[in-house]
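> Pasting a predicted model and its sequence here:
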Amino acid sequence: MKYLDEFADPDLAARLLERIHAVTTRPWAIMEVCGGQTHSIIRHGIDQLLPAGIEMIHGPGCPVCVTPLEVIDKALEIAARPDVIFCSFGDMLRVPGSDRDLFRVKSEGGDVRVVYSPLDALTLARENPDREVVFFGIGFETTAPANAMTVYQARRLGVRNFSLLVSHVLVPPAIAAIMESPSCRVQAFLGAGHVCSVMGTAEYPPLAQRYRVPIVVTGFEPLDILEGIRRAVVQLEAGRYEVENAYRRAVPAEGNPAAKAMLEEVFEVTDRAWRGIGVIPRSGWRLAPAFADFDAERRFAVQDIHTAESSICRSGEVLQGLLKPHECAAFGRECTPRNPLGATMVSSEGACAAYHRYRRLELTRV
Amino acid sequence: MCLAVPGRVVGLEERHDTLMAEVDFGGVRKDVCLQYLPDVGIGDYVIVHVGFAIQRLDERSALESLAEFERLGLMQEEFGDPFAAAVRQMEEEL
Amino acid sequence: MSEGNGRNEAPVDLAAWSCPLPLRDSPTVVMGHGGGGALSAELVEHLFLPAFGPVGELRDSAVVDVGTARVAFSTDSYVVRPLFFPGGSIGDLAVNGTVNDLAMSGAQPLYLSTAFILEEGTALADLGRVAEALGAAARAAGVRLVTGDTKVVDAGHGDGVYVNTAGLGLVGPGVDIRPGRARPGDVVLVSGDLGRHGVAVLSCREGLEFGTAVESDTAPLHGLVAAMLDTGADVHVLRDPTRGGLAASLNEIATTAGVGIEIVERQVPVPPEVADACAILGLDPFYVANEGRLVAVVPPVDADRVLAVMRGHPHGSGAAVIGRVTEEHPAMVVARTGLGATRVVDLPVGEQLPRIC
């Protein structure tokens, strides 16, 4: 595919790797924020090819992984109702709630459907006027514009049988929370490229200054990741801490103004609990009052949810980069992609799943 | 984050007062909402995520980046480098 | 064989398996049980086999002795939705799928039975088209439909048309083709490019529609297999990578034979249109279903001539070497990535789902 395949060219990758090796004189710990970047790193084996001193710490940028348990449990309750068609991205179907997941609800008769886009859910609502259609609106800033436009259209077209179960999370507060953690070892960040395609880069210089960390806005293909790492290392070696844009082809500094305007209108900032991490103030979006009618949590007054996380799951520490997946005692034993205890093992972007899926060779050799 | 893929706009239409585009991803075509990029025209490249075009792909930037990566390698070929040779050898082993 | 249940864990017994774990194990059937991956394998190993008694090596078709004849016997059910998709229909799959299962034992397929479970209210015109396609596929494959059955279930309790076909074939003397025969040093081949069927079907799935020229690769492969065996080569393993794709087939071979398999990503042929569709949906082509391809494991001394014969056959023109069997990392399939690093190619857990991340 044009503008994708070229950025996986092995010869250019070798050159970038060589440059990284040439400029690295000391150990550095770099966090890639986005789960898509984690997936790409592990899947292509980039972590195996970097200089031994460079450690990639996997960040919490997997919206599937950080969706709060309470929200998952609410989704499960709503999806189980006979009058509801519950629509979701594929990633969410196997995320464990307190005692089951959406797949299980489907197997018990719930009408759970995978869609590619939230607009498909809206179409379903228009085609099924006698059913309630609920869309599970999770994601970071990249996905929020799609959900915002969908609910905006629902209101404009008067589609009353549609609602959104919202759980959006934001990257900049997550970076701050990670840097505030006393056990934080992160020295530089690879910024989430597509989040910045939407939001631009303006939120990051204050973070780089406050925490004295280089932040390099980075894409997802192998060459993009390697270039992001290279620029981060160059800054670290020089003692600089600036925001750089290594994904210019998809990130203008101002982001997408039309999308940002819609986000302003449809959502408002709220405190958000991040599964495995805890509440990060002002780190999420919920529907603004003007769109409250389309909030599934209000429409389906869900009873008190009593959540129960696995007591041995340590995904929170993994998400903060404090623990590598294979350092968890449950990894590969009680916790596998088949029987995940936490979301980091079930999401294709989750670090635990990535390690289990792609890295068992090295881990069993140890 | 998130899986967003570049494609070329090959068609435009209004549906329920919403700007939609037919986007070609190297042979696969999908309908995509273009409301967030109203100035995009046929032949332009966009980045698509969950059925929405979220940003233009700046083709010139893309080509500049690739050229930069090529240039990085040239420096090494001048001075020679054992690591690059080792990586190339690994490739040849396949 | 449960994923993650490596060599360090005690075997899981039926009671422990069906006892609900805090978050995961379900007392009901879930879609993943039909996905061809780890969940399917668990259902067979921990629910069916204990009830049925020993079956011997698990494989696509069974080879049994009936008097002096060696008979291959296989069955498969077809529940694909939509019934008609680019490149074929449930009728084509119903014939080719079972013919191929027999061919994977090196058998000459001879006879099929067809059993239909029809949902009340299904248009007879649609059923007629399915029957036409099925009959045509049988003629093209040179197999005879000799017996069958039809049942009807209430509307809402089926999905239009479900078909089961069972097949009989004959295995020649000295032919011993099964997953357990893979040996370190063997060469791994595929008969053509991968991912067409899965992408073709997904492209019509409601909620995921996308326009593509990709068509299903459904085809009967027994002619190709016969040509491969005619070379006199000692073919060790044949497998058709249907549900769960190449990854499922390679993992099954590695696990059954207790060997490792190493493949080189760039040598696995994937057509660009399939790669693009997978990129958009976030799927991995190694896990996408094929209905007209086979994986072959042959001794190194036979590899060149088998490959040449495959390439000369209409159903093998895209054949390629993709890797080899190794004594390292037994039961694990490892791929060398485009960049030269390695990654494990896991057994899929359940259905592969389109993702956003």
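Great, that's in hand. Numbering: from 1, shown residues only, chains lettered A, B, ... in the order given.
> is chain B contacted by the host helix or strand of A:Pro206?
In this structure, A:Pro206 is located in helix A:204-211 according to DSSP states H and E. No - Helix A:204-211 does not reach chain B (Cβ under 8 Å from any Cβ of the partner chain); its nearest approach is 15.1 Å. (C-beta placed from N, C-alpha, C; glycine too.)
> Quick one: mean pLDDT for the next helix or strand after that helix?
Of the helices and strands lying after helix A:204-211 in sequence (DSSP H and E), the nearest is strand A:215-218. In this model, strand A:215-218 has a mean pLDDT of 98.
> any idea whether the closest residue to A:Val217 other than its chain neighbours is helix, strand or coil?
Nearest residue to A:Val217, sequence neighbours excluded (Cβ to Cβ, 6 or more residues apart in numbering or on different chains): A:Gly191, at 4.1 Å. Classification of A:Gly191 into helix, strand or coil gives strand, according to DSSP: H, G, I helix; E, B strand; the rest coil.
> A:Pro214 contacts A:Ala238, correct?
No - with contact defined as Cβ atoms under 8 Å, A:Pro214 does not reach A:Ala238; the gap is 9.5 Å.
> Now do the contacts for the residue nearest to A:Val217.
The contact partners of A:Gly191, taken as Cβ atoms under 8 Å, 6 or more residues apart in numbering or on different chains, are A:33, A:171, A:201, A:204, A:215-218, A:243.
> related to what we said a few turns ago, pull out the buried residues from the helix holding A:Pro206.
When neighbours are counted by 16 or more other Cβ atoms under 10 Å in any protein chain shown, the buried residues of helix A:204-211 are found to be A:204, A:207-208, A:211.
> Nearest to chain B, out of those residues: which one, please.
Distances from chain B to those, taken as Cβ to the nearest Cβ, are shortest for A:Tyr204 (15.1 Å).
> ok, the residue nearest to A:Val217 to A:Glu32 distance?
A:Gly191 sits 9 Å away from A:Glu32, taking Cβ to Cβ, to the nearest Å as the criterion.
> Residues that sit against both of the two, list them.
Counting by Cβ under 8 Å, 6+ apart, the residues touching both A:Gly191 and A:Glu32 are A:Thr218.
> who are the neighbours of the strand ranked longest in chain B, in terms of helices and strands?
When chain B is scanned for its longest strand (criterion: DSSP state E), the result is strand B:5-15. Strand B:5-15 sits against strand B:18-25, strand B:28-33, strand B:45-49, with contacts defined as 3 or more Cβ pairs under 8 Å, 6 or more residues apart in numbering or on different chains; DSSP states H and E.
> Could you give me the buried positions within it?
By neighbour count with 16+ other Cβ under 10 Å, strand B:5-15 contains the buried residues B:5-9.
> quick one, strands of the chain?
Going with chain A. Remark: strands of chain A, listed N- to C-terminal, are A:28-34, A:54-61, A:84-88, A:111-114, A:132-139, A:162-169, A:188-192, A:215-218, A:243-245, A:267-274, A:278-287; assignment by DSSP E.
> Wait, chain C was what I had in mind.
Counting by DSSP E, residue ranges of the strands within chain C are C:62-66, C:69-78, C:84-85, C:88-89, C:107-119, C:144-153, C:161-171, C:187-190, C:237-239, C:260-264, C:295-298, C:320-326, C:333-336, C:342-344.
> The nearest residue to A:Cys87 once chain neighbours are set aside: neighbouring residues, count only.
Using Cβ to Cβ, 6+ apart and skipping residues adjacent in sequence, the residue nearest A:Cys87 is A:Ala121, 3.8 Å away. Around A:Ala121 there are 26 other residues, counting by other Cβ atoms under 10 Å in any protein chain shown.
> Need the per-residue pLDDT for B:Asp81.
Residue-level confidence at B:Asp81 comes out at 51, pLDDT.
> What number of residues are in the vicinity of C:Val152?
14.
> That one bridge partners, please.
With DSSP bridges applied, C:Val152 shows beta-bridge pairing to C:Leu118.
> buried ones in stretch C:327-335?
Under the neighbour-count criterion of 16+ other Cβ under 10 Å, stretch C:327-335 has C:329, C:331-335 buried.
> so how far does it reach from one end to the other?
Using Cα to Cα, to the nearest Å, the gap from the first to the last residue of stretch C:327-335 comes to 15 Å.
> Relative to B:Glu64, how far out is the closest residue to A:Glu221 other than its chain neighbours?
Using Cβ to Cβ, 6+ apart and skipping residues adjacent in sequence, the residue nearest A:Glu221 is A:Phe7, 3.5 Å away. Going from A:Phe7 to B:Glu64 by Cβ to Cβ gives 13 Å.
> Between these two, which is the more surrounded one?
The neighbour count for A:Phe7 versus B:Glu64, taken as other Cβ under 10 Å, is higher for A:Phe7 (23 against 13).
> What separation do you get for the closest residue in space to A:Ile277 that isn't next to it in sequence and chain C?
Setting aside the residues directly before and after it, A:Ile277 is nearest to A:Gly316 in space (Cβ to Cβ, 6+ apart), at 5.2 Å. In this structure, A:Gly316 and chain C are 16 Å apart, going by Cβ to the nearest Cβ, to the nearest Å.
> still on that earlier bit, tell me who's in contact with the residue nearest to A:Glu221.
A:219, A:221-224, B:65-66.
> Next: A:Leu157.
Here A:Leu157 is in contact with A:126, B:16 (criterion: Cβ under 8 Å, 6+ apart).
> if we can go back for a sec, elements contacting the helix holding A:Pro206?
Contact here means 3+ Cβ pairs under 8 Å, 6+ apart; on that basis helix A:204-211 packs against helix A:171-180, strand A:215-218, strand A:243-245.
> Just say which of the ones you listed is most tucked in.
Burial among the helices and strands packed on helix A:204-211, expressed as mean neighbours by mean count of other Cβ atoms under 10 Å in any protein chain shown, is greatest for strand A:215-218, which shows a mean of 28.
> for that strand, packing partners?
strand A:188-192, helix A:193-199, helix A:204-211, helix A:222-238, strand A:243-245.
> For the third one, give me every contacting residue.
Right, the one you point to is helix A:204-211. Applying Cβ under 8 Å, 6+ apart, the external contacts of helix A:204-211 come out as A:172, A:175-176, A:179, A:191, A:213-215, A:217, A:241-243.
> Between those, which sits nearest chain C?
Using Cβ to the nearest Cβ, A:Gly191 is the member of the contacts of helix A:204-211 that sits closest to chain C, with 16.2 Å.
> Skipping adjacent residues, who's closest to the residue in chain B positioned nearest to chain A in space?
Of all residues in chain B, B:Gly51 sits closest to chain A, with a separation of 2.7 Å (Cβ to the nearest Cβ). Once its chain neighbours are removed from consideration, B:Gly51 has its nearest residue in A:Ser117; the separation is 2.7 Å (Cβ to Cβ, 6+ apart).
> what does A:Val186 give?
Once its chain neighbours are removed from consideration, A:Val186 has its nearest residue in A:Met31; the separation is 4.4 Å (Cβ to Cβ, 6+ apart).
> B:Ala62 versus that neighbour, what's the distance?
Note on A:Met31: its distance to B:Ala62, by Cβ to Cβ, is 26 Å.
> Neighbour count for those two, which is higher?
Set side by side, A:Met31 and B:Ala62 give different neighbour counts by other Cβ under 10 Å, the larger being at A:Met31 (27 against 19).
> For the more buried one, give me its contacts.
The neighbours of A:Met31, taking Cβ under 8 Å, 6+ apart as the test, are A:56-59, A:178, A:186, A:188-190, A:321.
> Just send the residues you listed back as JSON lines, with pLDDT too.
What follows is those, written out as JSON lines (pLDDT from 0 to 100):
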{"residue": "A:Met56", "pLDDT": "94"}
{"residue": "A:Ile57", "pLDDT": "91"}
{"residue": "A:His58", "pLDDT": "88"}
{"residue": "A:Gly59", "pLDDT": "87"}
{"residue": "A:Ile178", "pLDDT": "89"}
{"residue": "A:Val186", "pLDDT": "94"}
{"residue": "A:Ala188", "pLDDT": "97"}
{"residue": "A:Phe189", "pLDDT": "97"}
{"residue": "A:Leu190", "pLDDT": "97"}
{"residue": "A:Gly321", "pLDDT": "77"}
